[in-house]
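S.K.: model the structure of this input:
(2 chains)
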Amino acid sequence: GAGVSQSPSNKVTEKGKDVELRCDPISGHTALYWYRQSLGQGLEFLIYFQGNSAPDKSGLPSDRFSAERTGGSVSTLTIQRTQQEDSAVYLCASSLVQGATGELFFGEGSRLTVL
Amino acid sequence: QQQVKQSPQSLIVQKGGISIINCAYENTAFDYFPWYQQFPGKGPALLIAIRPDVSEKKEGRFTISFNKSAKQFSLHIMDSQPGDSATYFCAASMGSWGKFQFGAGTQVVVTP
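M.R.: Residues are numbered from 1 along each chain as shown, chains lettered A, B, ... in the order given. The predicted structure follows:
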């Protein structure tokens, strides 16, 4: 595809359930990021991948959150035992080059609602 | 703690007017300052960016002003148009791998 693709676009789940959010970055982009956007808030960094490795996981809120990237392409963000405070839009972004000046291309996000 | 503070939270401007959004940062190691524009239901998109070695950068109707000593930077939208109505985020990053600290965002509404 031409842009970053995320699925599902919307997910409603019950508290305590596990969810998986998928990100398909722009082809050839080696850097991949996950951010979280809560209602009325800015974007909160979660994790960064360079290739398949994650040199920075410092933004993951708790050990219920994990992410992986395979084949240097698709990434999955998993939230276990979801809580109501996990409700947010989860944004994925990719970048052609490593480094701050590599423009981040964002997907449209996965809106997660935990009841 | 929020490393990049953005104001105002919201802004209403008439068509043709100037929109000004301000950001302040704490970490002097930041070396890249982008602005992102987000429309409802869409992901943010890069609008314009600046490095601290210049004090101003202009692209069309959008200008970033940067004050290194004050650790502040701002976005000016000249001749604001209804199509500029969106949420604007400032950000800052350092190092080689592009982890961004974002401001809380400013919702701009341009009235016809």
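S.K.: show me what contacts the closest residue to A:Gly28 other than its chain neighbours?
M.R.: Excluding the flanking residues, the one nearest A:Gly28 by CB to CB, 6 or more residues apart in numbering or on different chains is A:Leu96, at 6.7 Å. C-beta here means a position set from N, CA and C on the backbone, and glycine is covered the same way. If you count contacts by CB atoms under 8 Å, 6 or more residues apart in numbering or on different chains, A:Leu96 has them with A:26, A:28-31, A:102-103.
S.K.: any low-confidence regions in chain A?
M.R.: For chain A, applying pLDDT under 70 flags the ranges A:1, A:98-102.
S.K.: what about 90?
M.R.: A:1-2, A:28, A:30, A:39-42, A:50-51, A:55-56, A:72, A:95-104 (pLDDT under 90).
S.K.: pairing partners for the nearest residue to B:Phe62 once chain neighbours are set aside in the sheet, please.
M.R.: Excluding the flanking residues, the one nearest B:Phe62 by CB to CB, 6+ apart is B:Ile48, at 5.1 Å. Under DSSP bridges, the beta-bridge partners of B:Ile48 are B:Trp35.
S.K.: how close does B:Ile48 sit to A:Gly72?
M.R.: Distance check for B:Ile48 against A:Gly72: by CB to CB, to the nearest Å, it reads 30 Å.
S.K.: do the same with A:Leu91
M.R.: Here A:Leu91 is placed at a distance of 20 Å from A:Gly72 (CB to CB).
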